[in-house]
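Undergrad: pasting the structure only:
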């Protein structure tokens, strides 16, 4: 046995990781249409329609107003809070011509330049960001 | 009979594919990530595998939120590289091995692994980047490929223990296939990385290297690592390393490390790579006897 068989205990542990939103079933359900909207941007013609009028394109999807606003704002942390998944959101930032590293850096408190420098220096240390409760 | 002759693991970072496709591998930023694969490209030319069972995850490409198979095996004649939003990679079409793939699917289901069978699928960077790393820029991939897609996106993914056990079942399946085939199993993804939230950019070199250490020899400690440890120690996307355990499980009890490489960073991620040879237990026992 490598994972707790109690699904409640298993899920509760995820909330103890700082600055991280694990894509649980609850988030997958909440973000279903947000993620499927993002998925639609895999098609070139949909990307064109979206870019021509983002709001109108979003209104075709049964997303919440908060989700639509987070997309319009390109607020990726907010998108994650509202059930977005990074691999789906990747279709959105690819449509904008942004790389993974550029998009990811916007979710941190760093500029892209500082984020890139941190990665070249070996990345973010896990020390102190493993657990909210245990602070290690 | 078919036999599993080697195991390979490596990261499948999309930026590595971009670097190959746009001739950037000699640039100062990319060179140290790529030089660790030079040994393997030469080794693969000598090994000439007939088939690679390539364990990877789909990144919202072939599978969206409509269907989320935990373990899915590609049984098609061929798999086309997908357009992931910036046009398909200009790499060869991936040829499958439907006969062996169906044999593995049937054998695993009877062995109580309830596989999803895929008859049509496009493949993304998770599958094509490892092929580029191991074979370079080629007009045609030098072997057949059986894609084995694992859900590591929507929780819960399969446990490490379950992945290891699936690898063991795949080994039994391959060894019962009548044709004489040289088969490799590749595990891809990882190593430490987090692509989301304020903790993005997390890298854990010490943890990654302990993981690489424990892929060799007879230890099976890795199969018992719980999901929460991957998440805390290696970032939210470090969970992809459970896919390496399918490869390790398919190697049998004992492995020998032939080659290893580790580099930080490639984009947001730690690049890890290892080549393993399964140690034949009968001949290993004889060696010990001879030494005594």
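TA: Yes, it's here. Just so you know, these numbers come straight off a predicted model, no measurement behind them.
Undergrad: How many residues are close by whichever residue of chain A sits closest to chain B?
TA: Closest residue of chain A to chain B, CB to the nearest CB: residue A:123 (2.7 Å). Just so you know, the C-beta spots here come from the backbone N, C-alpha and C atoms, and that holds for glycine as well. Residue A:123 has 23 neighbours, counted by other CB atoms under 10 Å in any protein chain shown.
Undergrad: Who are the contact partners of the closest residue to it other than its chain neighbours?
TA: Excluding its sequence neighbours, the residue lying closest to residue A:123 (CB to CB, 6 or more residues apart in numbering or on different chains) is residue B:203, at 2.7 Å. With contacts defined as CB atoms under 8 Å, 6 or more residues apart in numbering or on different chains, residue B:203 is in contact with A:119, A:122, A:123, A:124, A:125, B:192, B:193, B:235, B:264, B:265, B:269, B:270.
Undergrad: one more time with 10 Å, if that's ok
TA: A:118-119, A:121-126, B:191-194, B:234-235, B:238, B:264-265, B:268-270 (CB atoms under 10 Å, 6 or more residues apart in numbering or on different chains).
Undergrad: ok, now residue B:230?
TA: Per CB under 10 Å, 6+ apart, neighbours of residue B:230: B:152, B:157, B:160, B:190, B:192, B:207, B:211, B:236-242.
Undergrad: Against residue B:280, how distant is it?
TA: 31 Å (CB to CB, to the nearest Å).
Undergrad: just to revisit the earlier point, does the residue of chain A closest to chain B really touch residue B:238, like I thought?
TA: No - Residue A:123 lies out of contact with residue B:238 (CB atoms under 10 Å); the separation is 11.5 Å.
Undergrad: Would you mind giving the secondary structure of residue B:79?
TA: Recorded secondary structure, residue B:79: strand (DSSP: H, G, I helix; E, B strand; the rest coil).
Undergrad: what's across from it in the sheet?
TA: residue B:94 (DSSP bridges).
Undergrad: Was I right to think it contacts residue B:128?
TA: Yes - the pair residue B:79 / residue B:128 is scored as a contact, 9.3 Å apart, by CB under 10 Å.
Undergrad: Between those two, which contacts overlap?
TA: With CB under 10 Å, 6+ apart as the test, residue B:79 and residue B:128 both reach B:94, B:145.
Undergrad: okay, those two: which has more neighbours?
TA: Relative neighbour count places residue B:128 above the other of residue B:79 and residue B:128, with 27 against 22, counting by other CB under 10 Å.
Undergrad: who are the neighbours in contact with that one?
TA: B:12, B:14, B:17, B:20-21, B:54, B:56, B:79, B:81-82, B:88-89, B:91-92, B:94, B:141, B:145.
Undergrad: go again using 7 Å as the cut-off
TA: B:17, B:81, B:89, B:91 (CB atoms under 7 Å, 6 or more residues apart in numbering or on different chains).
Undergrad: Looking at those residues, which is nearest chain A?
TA: residue B:17 (12.0 Å).
Undergrad: how much space between the residue of chain A closest to chain B and residue B:104?
TA: To residue B:104, residue A:123 is 37 Å away according to CB to CB.
Undergrad: Stretch B:238-256 near chain A at all?
TA: No - using CB under 7 Å from any CB of the partner chain, we find that stretch B:238-256 stays clear of chain A, coming within 9.0 Å at best.
Undergrad: follow-up on the earlier one: tell me which of the contacts of residue B:230 fall in helices.
TA: Among the contacts of residue B:230, the residues falling in helices (DSSP state H) are B:160, B:207, B:211, B:242.
Undergrad: Narrow those to just the buried residues.
TA: Among the ones in helices among the contacts of residue B:230, those classed as buried by 16 or more other CB atoms under 10 Å in any protein chain shown are B:160, B:207, B:211, B:242.
Undergrad: which residues does the second one contact?
TA: Looking back up the chat, that one is residue B:207. Residue B:207 sits next to B:192, B:233, B:234 when contact means CB under 7 Å, 6+ apart.
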